[in-house]
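In: Would you be able to build a 3D model of this:
(2 chains)
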There are 2 protein chains.
Amino acid sequence: MLGLMQNWPMTVDRILDHAKAWHGDREIVSRSVEGPIVRSNWAEVHARAKRLSNALKGLGVQVGDRIGTLAWNTGRHIEAWYGIMGIGAVCHTLNPRLFAEQLCYIINHAEDRIIFTDLTFVPILAENRAKMPCVEHIVVMTDREGMKGVNLPGALCFEDLVDGASADCAWGGFDENTASSLCYTSGTTGNPKGVLYSHRSNFLHTLVTLGVDVMGLSARDTVLPVVPMFHANAWGLAFSCAAAGCKMVMPGQKLDGPSVHELLESEGVTFSAAVPTVWLGLLQHLRATGGKLSTLKRVVIGGSAVPEAIVRGFRDEHGVDVTHAWGMTEMSPLGTLSAPNAKVAAMSAEDQLRYKLKQGRPPVGVDMKLEDDAGKRIAHDGATFGRLMVKGPFIVGSYFKGEGGQILDDEGFFDTGDVATIDGDGYMQITDRAKDVIKSGGEWISTIEIENIAVGHPTAANAAVIGAYHPKWDERPVLLVQLKPGETATKDDYLKFLDGKIAKWWTPDDVVFVENIPLGATGKIDKKLIREQMKDYVLPTAQVAEKA
Amino acid sequence: MLGLMQNWPMTVDRILDHAKAWHGDREIVSRSVEGPIVRSNWAEVHARAKRLSNALKGLGVQVGDRIGTLAWNTGRHIEAWYGIMGIGAVCHTLNPRLFAEQLCYIINHAEDRIIFTDLTFVPILAENRAKMPCVEHIVVMTDREGMKGVNLPGALCFEDLVDGASADCAWGGFDENTASSLCYTSGTTGNPKGVLYSHRSNFLHTLVTLGVDVMGLSARDTVLPVVPMFHANAWGLAFSCAAAGCKMVMPGQKLDGPSVHELLESEGVTFSAAVPTVWLGLLQHLRATGGKLSTLKRVVIGGSAVPEAIVRGFRDEHGVDVTHAWGMTEMSPLGTLSAPNAKVAAMSAEDQLRYKLKQGRPPVGVDMKLEDDAGKRIAHDGATFGRLMVKGPFIVGSYFKGEGGQILDDEGFFDTGDVATIDGDGYMQITDRAKDVIKSGGEWISTIEIENIAVGHPTAANAAVIGAYHPKWDERPVLLVQLKPGETATKDDYLKFLDGKIAKWWTPDDVVFVENIPLGATGKIDKKLIREQMKDYVLPTAQVAEKA
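Out: Predicted coordinates for the structure are as follows:
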């Protein structure tokens, strides 16, 4: 027996319709790529997105066609976003930080028919135009004045397209499982793989993120998404702000401390979201200039683990609350947030901090389990760690074009590639990447946990732990230390420093002092490169064991 | 092209699974029908609901079978709720305030195979047992001790069923559009009609209600739902509290001021929801006893328009924020809430109050339009009023067994039967019931608006406005006034009092002083009865017009 409620497919055009109908005059303020601050609102964004839909139809775009965007966070990007999805085309956000070769690979793999680009990225597209034969048109997100400097034959002008089309366009009307958007994972191994979201998955992610313990946005919020729309959907904010009726402040390409601070203050921002490095930059700027945060109440931080200093800096210097978030492109992207539950909320500020540094609890709609190598569920005791597996209606089922094959386990869970603990209060904490974790005698050792302690040694500039071959234990940990300039230390200094802070059997078999610990593009330690550099290294304990 | 996200049907058992996994030790505290306070938690409720599912299977219950509950808000009712829905049976909440005849009609119309009942309602079921032939079993929600006083042959004991069944039971696994629950509307005309909710509609309603501007529950909240589960699903709280990880405080059958106050204080309640009469009772009790509300932060009030005195009482005497809500059984039930948007939040407390008295704004997922009699959309100017029509994934599409036939208009909207305005900020305000509104010369006159002003006259105990036949204008308003004991007044006193406060042409053609203005079961003016009592009344202006 089926229920008798209305058939109302969850298509994302309804989110913008809602914003127009009930929050039409709430502003969308952008720092344009051309420079000036541009003011619009949800009603105007809605009308312009409809015009853009008609312009796309005029260019022959059909349901299912992929349309790329290579763009910063601006009002125009939001118009393109909804204009594309509203007619059932697929909005494919491209990450401009990729190498040209990867960018071309992704564009061709996705078979993008049109690419919307900011002025910033015209040169890279012009240079590589011949390597993307599927692309029929490039639309430059500027006006006629801005087009004057564009050196790209055949390029179309965004504002001309908008001006030349009618605002009368029917959106939606298709199955809610229709693809709405596409985002490629950066992929540390192999080629990038595409995550193909559906209208349903984006709509559900939006509803979930509106919850108090998730993003918790209200019609009173003014939101500055520093996190880019090309990076895991700006954590859903282009949808959730429209759904809640927030004012949006779009920072364009200027994500440095002073520029972000200027917008936070001039536009009365109450909520923002970004990766840790942005916030470090902001806090440093505020300390240097004595700047204040007079309206900001809450920041959500994700992308990599939040350093304690950021939580303290916001809390103690500005009275701003930090929510640690964790997710993946494959999860739309939000997976967990560190919002306090009743027990944590009753603790002292210092005790609460321990929970703020964990990645947090999943909202309803995100199922999680921890498994050992044998696929057995492990205890939620905050100490035992295992592979973190996730399941839910806005989590990837398979990659675009079947890349990577079957990616779910027998119970339908997706392997995040992270290793984590979950404590008795339901707080998840990432302890390592599965590919970095050291497997010693069948047990796991968290490299991140040892690194976090070792880097606290007064002589350490940075520290990294990798596994090295051992004939008896398979792998044993080696600690690499980059000393601060002018400092000296011995292996024993570090082993003593670790003593009592980690399990005895986690103690590294060796400490190697290095000139430099290599970092990747996002500032994380590049373990792949370290392992390559250390491929000829042999453990002293391994030599002993071999001899024995 | 379809998206490639996971297939994860939205069935409500997943909500309780979530509560168990992530908030297992959050308490469910009940004032039992037997008397004592009973303490449980989400993990225990989950296990007991599973046992109950197996017990139901043992009684032959299949997917789609209707199972009635005639019960107060208690932990056992929540266990029955999820135990029934988890296996695809339909939880049919019965309203014990109905006359026995209506109750039997509804049970038979729904074809309930089993009825769960509290001890309170055993007598009415015993008396009418022969009139509900479809009912195979009656389960009394008590233990063996409680069964001793039960005089109902064949009655089953709830605790025996739970004890006798295994907790190992698979839930869900069916289409998300499967029926999950059934609730009959009180139906002022004709027989009550059933609204058959689906797992999908209940799940989506839950996600929407978690939004900050809707119910806004977090894992830090302790929630006391005074609004009964048999009355429009307790406004979704049995789902949303589990989804958010709230502590629940279930008041059982004692909904008087002192009993509610005792639980609010002893259990540290932060959030509650009820109809205005409950809050009037509580506020009166607090004034009489000097009682305090030391943990309560927010109350949601709906069911009928919120009197200003309640908002002021909570605000000024207790610092508790009131959110006015409007909805219908047909809407799962939430339609609008009066949460402030940015513009309203910036106003003075007194100016904000005007918005708090409106029914509020719809969340995403609820579409609304206002129409005139000709089906034309009317302006959102806060003054023009029209029929309020609604559309969305948790709004009724048709009634159970097709009662009432086709109930949606060409655009798929359901007619709420209410007449309302919507202002430029998106705040909806009910001005009348469609059947009460007076149609005078093709224009509409709001009876509620005139009543609200007239009742402010110092001599008025109550006031009602109805339409009376007029040969020229079709209908003209008549004001009925019930004077306070010992007061006297004239027709002119009242017409002068209204002068300048309403449009000239809204001025009643007559004022009739009556002994008593009849009220219905919910405390609202019974206009149907007034119209019946006044059926021989002839307007003085009508007589003049007829003569002319």
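In: so where do the strands sit in the stretch 201-350 of chain A?
Out: Assigned by DSSP state E, counting those that start in this stretch, the strands in the stretch 201-350 of chain A fall at A:222-225, A:247-250, A:271-274, A:298-301, A:321-327, A:334-337.
In: Same question for the stretch 401-548 of chain A.
Out: Assigned by DSSP E, counting those that start in this stretch, the strands in the stretch 401-548 of chain A fall at A:414-422, A:428-433, A:438-440, A:443-445, A:460-470, A:474-483, A:510-514.
In: Now tabulate the ones you listed in CSV and tack on mean neighbour count and mean pLDDT.
Out: C-beta: built from backbone N, CA, C; applies to glycine. Output for these, formatted as CSV (neighbours: other CB atoms under 10 Å in any protein chain shown; pLDDT from 0 to 100):
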stretch, mean neighbour count, mean pLDDT
strand A:414-422, 21, 96
strand A:428-433, 22, 92
strand A:438-440, 19, 90
strand A:443-445, 20, 86
strand A:460-470, 20, 93
strand A:474-483, 21, 94
strand A:510-514, 17, 95
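In: for those, which one sits closest to chain B?
Out: Nearest to chain B among these is strand A:414-422 (7.5 Å), distances taken as CB to the nearest CB.
In: by contact count, what packs against that closest one?
Out: For strand A:414-422, the contact count by 3 or more CB pairs under 8 Å, 6 or more residues apart in numbering or on different chains; DSSP states H and E identifies strand A:367-371, strand A:386-391, strand A:428-433 as packing neighbours.
In: Need the ones you listed in TSV (columns: distance to chain B).
Out: Formatted as TSV, the entries for the helices and strands packed on strand A:414-422 read as follows, by distance: least, CB to the nearest CB, whole Å:
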stretch	distance to chain B
strand A:367-371	8
strand A:386-391	6
strand A:428-433	10
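In: Distance to A:Gly319 for those - can I get that in TSV?
Out: Written out in TSV, the entries for the helices and strands packed on strand A:414-422 read as follows (distance: least, CB to CB, whole Å):
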stretch	distance to A:Gly319
strand A:367-371	32
strand A:386-391	33
strand A:428-433	26
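In: Give me the below-cutoff pLDDT ranges for chain A.
Out: Scanning chain A for pLDDT under 70 picks out the ranges A:187-189, A:521-523, A:545-548.
In: follow-up on the earlier one: and the strands of the stretch 201-350 of chain A: which comes nearest B:Lys57?
Out: The stretch from these with the least distance to B:Lys57 (CB to CB) is strand A:334-337; that distance is 34.9 Å.
In: what about dumping the CA coordinates of the closest one to PDB?
Out: Output in PDB follows, covering the C-alpha atoms of strand A:334-337 (Å, rounded to 0.1, in the frame of the first residue of the first chain):
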ATOM      1  CA  LEU A 334      29.100  16.900   4.300                       C
ATOM      2  CA  GLY A 335      29.700  13.800   6.400                       C
ATOM      3  CA  THR A 336      30.100  14.900  10.000                       C
ATOM      4  CA  LEU A 337      30.200  18.100  12.100                       C
END
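In: which other helices and strands contact the top helix by length along chain A?
Out: When secondary structure is assigned using DSSP state H, the longest helix within chain A turns out to be helix A:42-58. In this structure, helix A:42-58 makes packing contacts with helix A:13-23, strand A:27-31, helix A:75-86, helix A:158-163, judged by 3+ CB pairs under 8 Å, 6+ apart.
In: The shortest one pairs with which strands, and in what direction?
Out: This means strand A:27-31. Strands adjacent to strand A:27-31 in the sheet, as given by DSSP bridges, are strand A:37-41 (antiparallel), strand A:247-250 (parallel).
In: buried ones in the first one?
Out: Of the residues in strand A:37-41, those scored as buried under the neighbour-count criterion (16 or more other CB atoms under 10 Å in any protein chain shown) are A:38, A:40-41.
In: Just want the angle from the longest helix of chain A to strand A:27-31.
Out: Angle, helix A:42-58 to strand A:27-31, by axes from the mean of the first three to the mean of the last three CA atoms, to 10 degrees: 70 degrees.
In: Might you enumerate the residues of the stretch 351-500 of chain A proximal to chain B?
Out: By the criterion of CB under 8 Å from any CB of the partner chain, the positions of the stretch 351-500 of chain A lying close to chain B are A:361-362, A:364-365, A:367, A:391-400, A:408, A:412, A:414, A:426.
In: Out of those residues, which end up buried?
Out: For those, a neighbour count by 16+ other CB under 10 Å gives the buried set as A:361-362, A:364-365, A:367, A:391-400, A:408, A:414, A:426.
In: would you list the strands of the stretch 201-350 of chain A in a markdown table and tack on mean neighbour count?
Out: Shown next, in a markdown table, are the strands of the stretch 201-350 of chain A (neighbours: other CB atoms under 10 Å in any protein chain shown):
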| stretch | mean neighbour count |
| --- | --- |
| strand A:222-225 | 24 |
| strand A:247-250 | 27 |
| strand A:271-274 | 25 |
| strand A:298-301 | 24 |
| strand A:321-327 | 23 |
| strand A:334-337 | 27 |
